[in-house]
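Q: Got a sequence here, can you build the structure:
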Amino acid sequence: MRYRPFGASGAAISTLTLSLGVTNLARGVDAANDLIYSALEAGINAYRLETADPVLAEVVGQALSNVDRKLLNVSLELGAGDGRKGSARDFSAEGMTGAIDRCLHVSGLGWIDVAILEEPGEDELPQSSLNALKALRATERVRFLGVSGESEVMDAYVSTGAFDVLATPFHVNVDWRIRSRVRAAREKDMAILAYDYFPSELDTEKKTMELNQPKKGLFGFGKPKAAPVAQASTFAFLHRTPYWNAEEICLAHAMTDPAISSVLVTARDAERLNALASVPERDMPPGLAAQIEMARVAA
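A: Sure thing, here's the model as predicted:
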């Protein structure tokens, strides 16, 4: 595993962050523990709780209890309820403070490194909520504040300078607006967490071939023929590279960007996790970065 600076905090974070949700509890506590232990053995020191579910927090806290807390980076996603059906978004001062206090109480983690607000709307954070977040930082229950999302309102949150972390989609074909947002966040010394590194639009060769195909005529008739350059510049090579699969290439690409502190990954079991954890130790094949750039421009 490799490590990078976590923004301007002075701490180091593994290039992979294991994202954990209530679905990881479906196979039982023992299976969830095995997954976290495998992550620790792979050198992963960063973990994200996708919800404030107290059972999830307790399992994660117990699994991490034998590791020096100062060596870990644990983030909590706020705004998604407790992750169970019917849970409502809650960015109220009482809701966020209660969620964090419950997680800390049952987990024994001592503090949350990053409280990440999940795509708050433009008018979804009243002053009382902002004051509550400041109070959580002042009492060191939370070390850093972050925002997560891809909508245009993220630009406003980045520009405020009130947040330390930006969680954003980031992949080989990501929109230029997001790339610009990442640059703006880095200029403010924000740490960048990348997610959705392997979007569904790239998960089959057929889909990659269709990304930069010309549209049909005015009334939808005809079957236009792609230009030779366009045919040669699709992301189909993601599925044709020897000894690499498409997901591995996309993950490796995200980690090559110096702006990215860590990439969020999910895993159902230790076998998949270990496969993902091996990617940081591999060098991308020569010329692959150039192919990615050509395909991105053409798409």
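Q: Can you point out the buried residues in stretch 234-245?
A: Thr234, Phe235, Ala236, Phe237, Leu238, His239, Trp244 (16 or more other CB atoms under 10 Å). Every C-beta, even on glycine, is put in place using the N, C-alpha and C of the backbone.
Q: what are the C-alpha coordinates of it, in CSV please?
A: What follows is stretch 234-245, C-alpha atoms only, in CSV (Å, rounded to 0.1, in the frame of the first residue of the first chain):
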residue,chain,number,x,y,z
THR,A,234,-12.9,4.9,-27.5
PHE,A,235,-12.3,3.5,-24.1
ALA,A,236,-12.6,0.0,-25.4
PHE,A,237,-8.9,-0.6,-24.7
LEU,A,238,-9.9,-0.7,-21.0
HIS,A,239,-11.2,-4.2,-21.7
ARG,A,240,-8.4,-5.2,-24.0
THR,A,241,-5.3,-4.6,-22.0
PRO,A,242,-3.4,-7.8,-21.2
TYR,A,243,-3.1,-8.7,-17.5
TRP,A,244,-5.3,-5.8,-16.5
ASN,A,245,-9.1,-5.6,-16.2
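Q: Worst mean pLDDT across the helices and strands of this structure, which element?
A: Across the helices and strands of the chain, mean confidence by mean pLDDT, DSSP states H and E is lowest for helix 228-232: a mean of 45.
Q: returning to what we had before: between the buried residues of stretch 234-245, which has the least confident prediction?
A: Lowest pLDDT among the buried residues of stretch 234-245: Thr234, with 82.
Q: correct me, but it touches Leu202?
A: No: in this structure Thr234 lies outside contact range of Leu202 using CB atoms under 8 Å: 10.4 Å.
Q: list residues touching both of those two?
A: Thr208 (CB atoms under 8 Å, 6 or more residues apart in numbering).
Q: give me the low-pLDDT residue ranges for the protein?
A: Counting by pLDDT under 70, the chain has low-confidence residues at 80-88, 211-233, 298-299.
Q: Do you have the helices of the stretch 101-250 of the chain handy? List them.
A: All helices of the stretch 101-250 of the chain, identified by DSSP state H, counting those that start in this stretch, fall at 127-138, 153-160, 176-187, 205-210, 228-232, 246-256.
Q: wait, which of these is closest to Ala46?
A: helix 246-256 (13.0 Å; CB to CB).
Q: mind saving the C-alpha coords of that closest one as PDB?
A: Taking C-alpha atoms only, helix 246-256 is exported to PDB below (Å, rounded to 0.1, in the frame of the first residue of the first chain):
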ATOM      1  CA  ALA A 246     -11.000  -2.400 -16.800                       C
ATOM      2  CA  GLU A 247     -11.700  -1.700 -13.100                       C
ATOM      3  CA  GLU A 248      -8.000  -2.100 -12.200                       C
ATOM      4  CA  ILE A 249      -7.000   0.400 -14.900                       C
ATOM      5  CA  CYS A 250      -9.600   2.900 -13.800                       C
ATOM      6  CA  LEU A 251      -8.500   2.600 -10.200                       C
ATOM      7  CA  ALA A 252      -4.800   2.900 -11.100                       C
ATOM      8  CA  HIS A 253      -5.600   6.000 -13.200                       C
ATOM      9  CA  ALA A 254      -7.400   7.700 -10.300                       C
ATOM     10  CA  MET A 255      -4.400   7.100  -8.000                       C
ATOM     11  CA  THR A 256      -1.900   8.500 -10.500                       C
END
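Q: picking that back up, which one of the buried residues of stretch 234-245 is nearest Asn66?
A: Nearest to Asn66 among the buried residues of stretch 234-245, with distances taken as CB to CB, is Trp244, at 34.9 Å.
Q: Does the closest residue to that closest one other than its chain neighbours belong to a helix, a strand or coil?
A: Nearest residue to Trp244 in three dimensions, chain neighbours excluded: Pro285, at 7.0 Å (CB to CB, 6 or more residues apart in numbering). State at Pro285, reduced to three classes by DSSP: H, G, I helix; E, B strand; the rest coil: coil.
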